[in-house]
Structure formats: C-alpha cells, structure tokens
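Asker: can't give you the sequence, but here's the structure:
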C-alpha cells in the first residue's frame, strides 16, 4: 500500500489556517499539504457546490450568471455558514483521504482575536459538521507568534503584526496570552481594492480583482524607491470600453497603499499606548515581527521603522506563520488543550 495513503488513513490531527483569502492546512508528519484560496463556486439557484479552492478561484470574474464564485469568510469571520461548512469539509476530507469516516480528526482552527462568542461557536459547529471529531479555536496572533518563532510563554513582551487577507491584527503577547491588541479590517483584500481604485482614478482603466492581486504580488512596495519595478497590465478603458495595456510602477503602488499602511501603523501606536511600560521596553529592544501574506509587501519593515521609530522584521515564511503555529499546537496538543485553547 502506498505510504502516503497509509499516512492519510491515520491522520488524526489537522491544523487549519482559515483565512479570508487563503486557507493553509497542516498535518503533523506531512507538513503543509494544502494552500488554496478560500473560495467556493456555487450553481444558482440550487446552491450546489461546484468547485472549491484553486479551481473556484480560476472561475472568478469569468463565470456565467448561473455560477457564483463566493468568498465565505468576510474580515476573517464566517459570512455564510453553509458555504464555510462545505469549504471545511473539502479541506478536511482532502487531508484525511478516503478514510475520514473511520478516523475523524482533531482540528485546530485559527480565528481573529476580535471574534465574538457567537462567531466562535459558528466555526466550531461548522468544523464538527464538516467531519472533525473535536475542534479547537485559537486566536490568530498567538498562532502567528508561535509560527514566527516567538517564545510566547516567556515573561517578556513581543509584538506581532499579522496582515492577512481580511484583517490585520496587532497584538502584544506575553506569558502565553494576549496582553493588548487591535484588529482592523484593512489587509490584503483592501490593498487589492486600493490598487484597482488607483489605476481607475489615475488612468481611467478598469482592472479586475485578479489583475489587482497580481500587481500586488509582483511589484507592491510600502515606500517609493529610486530603483522602481514595472509591471504590464491589461484592463478596460473607461472612455472607449475597449481593452488597453498599461505599464505601472512599484512607486505608484506604494502611493496607492500608503493610506492603508498609515492606518495600520496608527493601530500599532494605539496598542503601544495600551501596553504596560515594561513590555513596551521589551518590544523597543527586540523590534516588531510582521507576519501574514501582507508581510510580503516589499520594504514593509522599513515603512514601520520610519512610522513608529521601532525596528521591524518580517518573519520567515510570513504567509505560513499561522499554519505553522497550528502545527506546533498539534504536536503538543495535550499541553495546550487546557491552557491556551480555552482562553476566551
């Protein structure tokens, strides 16, 4: 029997970084087995799930009127229960293979720090109905800090800025818990929107969601630089309605993103204001850690250092930090079960 199949049969633990834009699934012993967009394609009007993940994303902006490509999470929380359950079912069954009926897994799922009890229950119930034996909910900043290699149980303070798809969360972590935090709904999706709005306003060119995201991935920068990058895009001309090509630069993207980045920096400042002075001193000494997909914007650490006067560092593999954190918890589930997972 194939060794991968044997592993699938006995998969009892799964970590899911359930993000607004992407979902990453981690299985102990196998690593990151899934990294796909958090998108479901539905048929209308019967609401049948046609595709999930990458396949569904490929349909965005290209579907006929009887198919809708839908993002079931909004700002990091469940916006549509039925579709989120279908999504979790897809990822859990893909992780455990065809033996899911016999081996129901324990699942650790990331949620935003600002989640309400009702939203928390919705995530747990969706996971249980999707095939989990037990579902444990852990706040994203804790997981991001763990995945970034921060010793979260130490007495000193550490600050993590996790910039995801729907939310950016700033948190000071000490003694295994969150001391102070802020959550704002400015992150990857808003960056995409800012890029498409900027192009439309400056050049009279309409570009789709996918194009704006491609620009962000290819040439986004947090500050203007002498050595600017260029990227060619194609969109629809506002005046003629015809396709038109345009060359855009990283400095223009920096200009488009600037207001949003300033807003995130203001929230970091607010968290500093609410943090005990001793912990602030620790952070000033060690610097801030940036994680999440948004951390991949070039020169972001330079932007935060200029804005806040504190050194900033991008975590290794920032996009995978939260999923890595779920992996660390899964490997020591008995230790964390009582302490960390049930903290409200």
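Answerer: Good, I have the coordinates. Source: prediction; values computed, not measured.
Asker: what secondary structure does residue 160 sit in?
Answerer: At residue 160 the chain is in strand, as set by DSSP: H, G, I helix; E, B strand; the rest coil.
Asker: got the contact list for it?
Answerer: With contact set as Cβ atoms under 8 Å, 6 or more residues apart in numbering, residue 160 has these partners: 141, 144-145, 148, 150, 169-171, 173, 288-291. Backbone N, C-alpha and C define where each C-beta goes, glycine included.
Asker: now with 7 Å, please.
Answerer: 141, 144, 145, 148, 150, 171, 173, 289, 291 (Cβ atoms under 7 Å, 6 or more residues apart in numbering).
Asker: which stretches of this structure form helices?
Answerer: With DSSP state H as the criterion, the chain has helices at 3-9, 54-57, 81-96, 117-129, 140-147, 188-203, 209-219, 250-273, 277-286, 300-308, 321-331, 333-339.
Asker: of all those, which lies closest to residue 156?
Answerer: Minimum separation from residue 156 across those (Cβ to Cβ) falls at helix 277-286, 4.2 Å.
Asker: list the contacts of the closest one.
Answerer: Outside helix 277-286, the residues that touch it by Cβ under 7 Å, 6+ apart are 156, 157, 158, 159, 172, 174, 179, 272, 310.
Asker: repeat for stretch 230-239
Answerer: With contact meaning Cβ under 7 Å, 6+ apart, stretch 230-239 is reached by 199, 204-207, 211, 215, 218-219, 243-249.
Asker: check stretch 243-261 too.
Answerer: The contact list for stretch 243-261 (Cβ under 7 Å, 6+ apart) reads 186, 190-191, 194-195, 198-199, 203, 205, 215, 219-225, 228-237, 303.
Asker: low-confidence ranges in the stretch 51-200 of the chain?
Answerer: Scanning the stretch 51-200 of the chain for pLDDT under 70 picks out 63, 75-76, 98-101.
Asker: quick one, what contacts the spatially most central residue of the chain?
Answerer: Among the residues of the chain, the one closest to the centroid is residue 164, at 3.4 Å (Cα atoms, centre = their mean). Residues counted as contacts of residue 164 (Cβ under 7 Å, 6+ apart) are 19, 20, 76, 187, 188, 292, 293, 294.
Asker: list just the nearest of the residues you listed to residue 132.
Answerer: The nearest member of the contacts of residue 164 to residue 132, counting by Cβ to Cβ, is residue 19 at 18.0 Å.
Asker: near that closest one, how many other residues are there?
Answerer: Other residues near residue 19 come to 26 when the count uses other Cβ atoms under 10 Å.
Asker: show me the domain layout of the chain.
Answerer: Here the domain parsing of the chain from automatic domain parsing is 3-39+73-142+322-339, 148-186+258-318, 188-256.
Asker: may I have the distance across the shortest one, first residue to last?
Answerer: Start-to-end span of domain 188-256 (Cα to Cα, to the nearest Å) is 13 Å.
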